[in-house]
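Trainee: test case, fold it:
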Amino acid sequence: MPLLNRHGVYLYYEIHGNGRPLLLTHGYSSSSEMWRGQVGALSRQFKLIIWDMRGHGKSDYPRDQQAYSEAHTVADMSAILDHVCGRGTMAIIGGLSLGGYMSMAFYRMYPDRVTALLIIDTGPGFKKDSARDDWNKYANSTAENFERNGLADLQSQSAEQSQNMHRNAKGLALAARGMLAQRDSSVIDSLSKIAVPSLVVVGADDKPFIAASHYMAKKIPNAKKVVVPNAGHAVNIDQPEAFLEAIKPFLDELGSPKAVL
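Mentor: Next up is the predicted model:
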């Protein structure tokens, strides 16, 4: 089982294919398994890298709350790319939900390492402190539910989440407080500075993120947006074929001159 040691925290990852690097990050309380339906198609064109965030799946579940943060997650992504592809290698960076947010956070920290962004069923955070406070109350409530109910709390969640993905719920509770919760407006404030080809994908039934997707597509220069019918918050699972059809033209164009902004 491939594991990368990040200062004592072991991160699980998989590599599929031999093309240009494409790093995909899963959503909160999901794991790399959520991409299983896309591995075959994407690995024919890319070196597809999928991984489990700390506190999730087959990665480690540190007991220290300070081991969970946006900064740690972005650094984990960079370390995995360095380990798999070589230090400083550029890649297409993408993710769903929290993974999409972390992909934008990665671009903010490492713009020279990103050739394109694939932003799926997610939002960019909040400008208003009051809205962020409400979100963080939700994140803390999520943590409390996992502490109270354990992995059984995943039974009522969306399709990308499953009890059998995780060893225990403690890591998910810590991740909710440290990674799902947001500290500032740095990501949403940076949207206009994104200077790589970007595709925003959202399920038509993913009501909480429709407006956020429209906002990101408007604020990110030259971004494209695709709304996938009959799909919710797990668009790649709800409509796997339609999802691949939605992202294929964008990915195919990345090697062409018109992909350069």
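
Trainee: what about the strands in the stretch 51-200 of the chain?
Mentor: 91-96, 114-120, 198-203 (DSSP state E, counting those that start in this stretch).

Trainee: adjacent strands (with direction) for the last one?
Mentor: Neighbouring strands of strand 198-203 in its sheet, by DSSP bridges, are strand 114-120 (parallel), strand 224-228 (parallel).

Trainee: helix or strand right after that strand?
Mentor: helix 207-219 (DSSP states H and E).

Trainee: what's in contact with that next one?
Mentor: Outside helix 207-219, the residues within contact range by CB atoms under 8 Å, 6 or more residues apart in numbering are 119, 121-124, 191-192, 200-202, 204, 223-225, 227, 233. Where C-beta positions appear, they are placed from N, C-alpha and C, glycine not excepted.

Trainee: what residues sit buried inside it?
Mentor: Within helix 207-219, the residues scored as buried using 16 or more other CB atoms under 10 Å are 209, 212-213, 215-217, 219.

Trainee: could the residues you listed be laid out in a markdown table, adding distance to K47 and pLDDT?
Mentor: What follows is these, written out as a markdown table (distance: CB to CB, whole Å; pLDDT from 0 to 100):
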| residue | distance to K47 | pLDDT |
| --- | --- | --- |
| F209 | 28 | 97 |
| A212 | 30 | 98 |
| S213 | 27 | 98 |
| Y215 | 32 | 98 |
| M216 | 26 | 99 |
| A217 | 27 | 98 |
| K219 | 30 | 98 |
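
Trainee: tell me which of the strands paired with strand 198-203 sits most buried.
Mentor: strand 114-120 (a mean of 24; mean count of other CB atoms under 10 Å).

Trainee: follow-up on the earlier one: tabulate the strands paired with strand 198-203 (JSON lines), appending mean pLDDT and distance to S185.
Mentor: As requested, those are arranged in JSON lines below (pLDDT from 0 to 100; distance: least, CB to CB, whole Å):
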{"stretch": "strand 114-120", "mean pLDDT": "98", "distance to S185": "17"}
{"stretch": "strand 224-228", "mean pLDDT": "98", "distance to S185": "22"}
